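**Student:** Quick one, what's the 3D model for this:
(chains A and B, ligands or ions: 2)
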Amino acid sequence: MEKTHPYSSAEAIAVELQGIVRMFGGRTVIDGISLTIPRGELFGLLGPSGSGKTTLIKLMTGIDRPDAGSVSMLGEPMPQLKMLQVFGYMAQSDALYNELTGKQNLEFFGALFGLTGQLLKNRIHAAASLVDLTDHLNKQTAAYSGGMKRRLSLAIALLHEPRLLVLDEPTVGIDPVLRQSIWKELSALSRQGITIIVTTHVMDEAEKCDRLGLIRDGKLIAADTPEAIMQKAGCSTIEEAFIALGSGGGGEK
Amino acid sequence: MRIRALSIRIIRQFLRDKRTLALLFLAPLLILSLMKLVFDGQSVSPAIGMVDIPAVFTEKFEHLNAAITVYESPDSAHAALQAGELDAILQLSGGKPELMLEGSDPSINRAVLLLLQTAMQTGSGSAAPAITYLHGGPDMAAFDSFGPVLIGFFSFFFVFLLAGVSFLRERTSGTLERLLATPIKRYEIVIGYLAGFGIFTLLQASLIAWFSVDVLGLYMAGSIGYMLLINLLLSLTALTLGTLLSSFASSEFQIIQFIPLVIVPQAFFSGLFNLDAMNPWLQKLSSIMPLYYGADAMQGIMIRGESWGDFQIDVYVLIGFSLLFALLNVLALKKHRSM
Ligand SMILES: Nc1ncnc2c1ncn2[C@@H]1O[C@H](COP(=O)(O)OP(=O)(O)OP(=O)(O)O)[C@@H](O)[C@H]1O
Ligand SMILES: [Mg+2]
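**Tutor:** Ligands and ions are numbered 1, 2, ... in the order given. From the prediction side, this is the model:
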């Protein structure tokens, strides 16, 4: 916060990270990452397993606190309680109440975001049809398949029509057809001006992002458009570019 | 609003889990019934040894359903008492009646004393006997005395366990982290849990109170409304303590480990056992144990028929404990989200 941005430019930035460091038990997991994500962008975080994607996302949303550096969202310093109303979040592991039906899960989270009555009903209907779950809403979540649980988590993140979506591996365990329709929907949301931050392992998903951040061992090794990244690395695919840029230690995935 | 959403969610989850509901509602009833059967065997006919007692008197006892054995010498009667063949010896020594009780089972002591009382009332008055005990003493009491403590104990125990495990699951399943990524405030989580569980707790407390008074026929001198109030407050304390301690457990098994640490000591200090013989410094430990206050009020209401003025301190202390634990809960949640 050393510079005072004019109001409009601060508002034009969805998420800004400056020199973020996060350590777990003496081990540095996020190592000095600075990153600016403008509003309306579809930003992808790509990196091997254990590279720190989830940790970085939790720091952006204020669910976790950095040991050094600062985070701001839409011009507000994080973490802040009121900002929790602003973004929609989908965790990597499905955090659902298995005893409840899909609809009851949606009702619960909707109410936490202040949705009530007819509005809540409409939003549940809209979010459920987006992820193709309308027919299964009255089923107990324990009886859902892995992909159905992922979709329900996504519906929960979309429920309160957030301006900013933070999705941690949203399409894991979802079949190719539905995956494509979900990405189509994400692109459409992005065109409406909604900022989307998404982590992924899947290279063809990465190519659909406006900009990509490549993470390896807690360091941001590149942040640019997919084309620029491929050009810089002199490769024809993101996969090759990733290997070329991150020469050295790798992950298992 | 958010509090309501949270408590509705808890109620819905609970209604799905029939086994847990059964544990909450039926297990205390089952255990209380068993306890009653074990400690309050109705038709005990005490075995009494008579030494030098006039035959009229002996007959009277036999009418009252006592098993009478006549001994020639005090020594042989005493040996039988030592060996556990007798529950009491009635003898004349120097023209005065003397009753010696075996004393280790309070319900039998009472039965013998009652018998003696009845026999003396119906008979022509010989002098009241001097009473001595082989073991124990006259202060021991039976199920009517510790029944109220048990009622409090089981409400406390089951609610503690369930609240602890539920909150732990919220944490280990990742839903707590998800919950904390919504605009819900920490205190709203704690109050939501209190409200959601509170409804089941209220039902449980009512069921236990009704069952122990109307079905088990526990001695009840006071108001059942007061009894309910105390039971409810005890459960709330258990609820807040259970959720608080679950922050320090990482599995269901570790919640079970709190039982010998937190629950069992409270049982010892809550009036199930007589503390008078204990080191006074150790006795003071009871003042930090919620169950001690609950049991004290419960006994006061059920046995001595106490009114509000007599046990209100216990009520305030229990409310204080609940508030303290709830507050610490809000603080403990800080570990997961600083806002
Ligand atoms: N709470 C924690 N305590 C200790 N270490 C942690 C914790 N959370 C994450 N880590 C460590 O931080 C590193 C990065 O984890 P993170 O979950 O961010 O990886 P990721 O990139 O999301 O991996 P994946 O693709 O498998 O989801 C890992 O080595 C992990 O072991
Ligand atoms: Mg991850």
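**Student:** Wasn't A:Glu16 part of a strand?
**Tutor:** Yes - secondary structure of A:Glu16 (DSSP: H, G, I helix; E, B strand; the rest coil): part of a strand.
**Student:** looking at the chain, which helix or strand is least sure?
**Tutor:** Answering for chain A, as no chain was given. Sorting the helices and strands of chain A by mean pLDDT, DSSP states H and E puts helix A:7-11 at the bottom, at a mean of 55.
**Student:** sorry, should have said chain B
**Tutor:** Least confident helix or strand of chain B, by mean pLDDT, DSSP H and E, is helix B:106-122 with a mean of 76.
**Student:** roughly how far is the following helix or strand past it from the heart of the chain?
**Tutor:** Per DSSP states H and E, the first helix or strand lying C-terminal to helix B:106-122 is strand B:130-133. Distance, stretch centre to chain centre, for strand B:130-133: 29 Å (CA atoms, centre = their mean, to the nearest Å).
**Student:** what lines up beside strand B:130-133 in the sheet?
**Tutor:** Partner strands for strand B:130-133, per DSSP bridges, with pairing direction: strand B:96-101 (parallel).
**Student:** for the chain, longest helix please?
**Tutor:** With no chain named, the answer covers chain A. Longest helix in chain A by number of residues, with DSSP state H as the criterion: helix A:176-191.
**Student:** wrong chain, I was asking about chain B
**Tutor:** Longest helix in chain B, counting residues (DSSP H): helix B:143-172.
**Student:** who are the neighbours in contact with B:Trp308?
**Tutor:** Neighbouring residues of B:Trp308 by CB atoms under 8 Å, 6 or more residues apart in numbering or on different chains: B:Tyr226. Glycine gets a C-beta too; all of them are placed from N, C-alpha and C.
**Student:** thinking again about what came up before, show me what the longest helix of chain A is packed against.
**Tutor:** With contacts defined as 3 or more CB pairs under 8 Å, 6 or more residues apart in numbering or on different chains; DSSP states H and E, the packing partners of helix A:176-191 are strand A:42-46, helix A:146-158, strand A:195-200.
**Student:** Enumerate the positions of it that are buried.
**Tutor:** Within helix A:176-191, the residues that qualify as buried are A:Arg179, A:Ile182, A:Trp183, A:Leu186, A:Leu189, A:Ser190, counting by 16 or more other CB atoms under 10 Å in any protein chain shown.
**Student:** what's the span of stretch A:79-99 from first residue to last?
**Tutor:** By CA to CA, to the nearest Å, the extent of stretch A:79-99 from end to end equals 31 Å.
**Student:** Check the burial of B:Ile89 by counting its neighbours.
**Tutor:** Residues near B:Ile89, counting by other CB atoms under 10 Å in any protein chain shown, number 24.
**Student:** likewise A:Ser49?
**Tutor:** A:Ser49 has 11 neighbouring residues, counting by other CB under 10 Å.
**Student:** now swap in A:Gly75 and tell me
**Tutor:** Neighbour tally, A:Gly75, other CB under 10 Å: 15.
**Student:** Same check on B:Phe200?
**Tutor:** Using other CB under 10 Å: B:Phe200 sits among 21 other residues.
**Student:** swap in A:Leu42?
**Tutor:** 22.
**Student:** and B:His246, how far is that from chain A?
**Tutor:** That one is not His; residue B:246 is Ser. Distance, B:Ser246 to chain A, by CB to the nearest CB, to the nearest Å: 17 Å.
**Student:** Can you list the low-confidence ranges for chain B?
**Tutor:** B:39-44, B:103-107, B:122-127, B:135-143, B:274-278 (pLDDT under 70).
**Student:** Residue of it closest to ligand 2, please.
**Tutor:** Nearest residue of chain B to ligand 2 (CB to the ion) works out as B:Gly174 at 12.3 Å.
**Student:** can you give me phi and psi for that residue?
**Tutor:** Dihedral angles of B:Gly174 (phi, psi; degrees, to the nearest 10) stand at phi 90, psi -10.
**Student:** before we move on, what about the one 10 residues further on?
**Tutor:** The main-chain torsion angles of B:Ile184 are listed as degrees, to the nearest 10 and equal phi -70, psi 140.
**Student:** Please, where are all the strands along the chain?
**Tutor:** Just so you know, I chose chain A. With DSSP state E as the criterion, chain A has strands at A:13-24, A:27-38, A:42-46, A:68-73, A:76-77, A:87-90, A:164-168, A:195-200, A:211-216, A:219-224.
**Student:** switch to chain B, that's the one I care about
**Tutor:** B:47-51, B:67-71, B:88-93, B:96-101, B:130-133.
**Student:** Give me the contact list for the shortest one.
**Tutor:** Residues outside strand B:130-133 that contact it (CB under 8 Å, 6+ apart): B:Lys96, B:Pro97, B:Glu98, B:Leu99, B:Met100, B:Leu101, B:Glu102, B:Gly103, B:Asn109, B:Leu113, B:Pro138.
**Student:** which residue packs closest to A:Glu161, ignoring adjacent ones?
**Tutor:** A:Arg123 (7.2 Å; CB to CB, 6 or more residues apart in numbering or on different chains).
**Student:** Residue numbers of chain B in contact with chain A?
**Tutor:** Residues of chain B that fall close to chain A, judged by CB under 8 Å from any CB of the partner chain: B:1-2, B:4-6, B:8-9, B:12-13, B:16-17, B:173-175, B:177-185, B:337-339.
**Student:** Among those, name the buried ones.
**Tutor:** B:2, B:5-6, B:8-9, B:12-13, B:16, B:173, B:175, B:177-185, B:337, B:339.
**Student:** coming back round to it: does the longest helix of chain B reach ligand 1?
**Tutor:** No - using CB under 6 Å from any ligand atom, helix B:143-172 never reaches ligand 1; the gap is at least 12.7 Å.
**Student:** How many residues are close by whichever residue of the stretch 1-150 of chain A sits closest to ligand 2?
**Tutor:** Distance from ligand 2 to each residue of the stretch 1-150 of chain A (CB to the ion) is smallest for A:Thr54, at 3.1 Å. Neighbours of A:Thr54 under the rule other CB under 10 Å: 19.
**Student:** From what I see, it and A:Thr199 are in contact.
**Tutor:** Yes - if you go by CB atoms under 8 Å, A:Thr54 and A:Thr199 touch, sitting 7.0 Å apart.
**Student:** what is in contact with these two at once?
**Tutor:** By CB under 8 Å, 6+ apart, A:Thr54 and A:Thr199 have these common neighbours: A:Gln92, A:Asp168.
**Student:** what residues are up against the closest residue to A:Ala241 other than its chain neighbours?
**Tutor:** Take A:Ala241 and drop its neighbours on the chain: the residue closest to it by CB to CB, 6+ apart is A:Ala233, 3.8 Å away. Residues near A:Ala233 by CB under 8 Å, 6+ apart: A:Glu240, A:Ala241, A:Ala244, A:Leu245.
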